[in-house]
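Chemist: Please find the sequence and the predicted model below.
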Amino acid sequence: TGELRTKISDVAEGNDFSVEGIVLKAPERKDIQTKSGENVQLCEMFVEDDSGKIWIKGWRQQADLMDNFTLGDIITILGVNARPGLEGKLDLVLTSYSKIIKKN
């Protein structure tokens, strides 16, 4: 595969990153109410590689991409966008073309 992996510590705001890491916090679903009053699903998990840690977030249908993963899984996450999150840290947000592949 010609996919380039980005170290978590090298992720900068922008589109189309692929990272590999271990799941430190299993995916957790929440119902979030948007400003327009719509209820949408958010799923988030916390992953780490040897350079750092980052939240992976999936909204709506993208939340389903995380369903099969759990604590300790080593995964490759393809085609995610980096967006500003809490406390000035970046989050990786799943897109319609993201894929998550289990390695172990």
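Modeler: That came through fine. Because the structure is predicted, anything quoted here is derived from the model rather than measured.
Chemist: what about the longest strand in this protein?
Modeler: Of all the elements of type strand in the chain, the one with the most residues (DSSP state E) is strand 14-33.
Chemist: now what about the helix or strand where residue 83 lies, what contacts it?
Modeler: In this structure, residue 83 sits in strand 74-84 according to DSSP states H and E. Residues outside strand 74-84 that contact it (Cβ atoms under 8 Å, 6 or more residues apart in numbering) are 3, 5, 11-23, 47, 56, 69, 90-95, 97-104. C-betas here are computed from N, CA, C, even on glycine.
Chemist: just to revisit the earlier point, so how far is the longest strand of the chain off the chain centroid?
Modeler: Computed by Cα atoms, centre = their mean, to the nearest Å, the separation of strand 14-33 from the middle of its chain amounts to 2 Å.
Chemist: OK, contacts around the nearest residue to residue 10 once chain neighbours are set aside?
Modeler: Nearest residue to residue 10, sequence neighbours excluded (Cβ to Cβ, 6 or more residues apart in numbering): residue 51, at 7.1 Å. Taking Cβ under 8 Å, 6+ apart as the criterion, residue 51 is in contact with 7-10.
Chemist: burial measure for residue 50, as a count.
Modeler: If you count neighbours by other Cβ atoms under 10 Å, residue 50 ends up with 10.
Chemist: Could you list the low-pLDDT ranges of this protein?
Modeler: Within the chain, the ranges that satisfy pLDDT under 70 run 1-3.
Chemist: hmm, 50 instead?
Modeler: Low-confidence segments of the chain (pLDDT under 50): 1.
Chemist: what kind of secondary structure is residue 64 in?
Modeler: Applying DSSP: H, G, I helix; E, B strand; the rest coil to residue 64 yields a three-state assignment of helix.
Chemist: contacting residues for it?
Modeler: Going by Cβ under 8 Å, 6+ apart, residue 64 touches 43, 58.
Chemist: Need the max-distance pair from the contacts of residue 51.
Modeler: By the measure Cβ to Cβ, 8 and 10 form the most distant pair in those, at 7.3 Å.
Chemist: So which of those two has more stuff around it?
Modeler: Higher neighbour count among residue 8 and residue 10: residue 8, with 20 against 11, using other Cβ under 10 Å.
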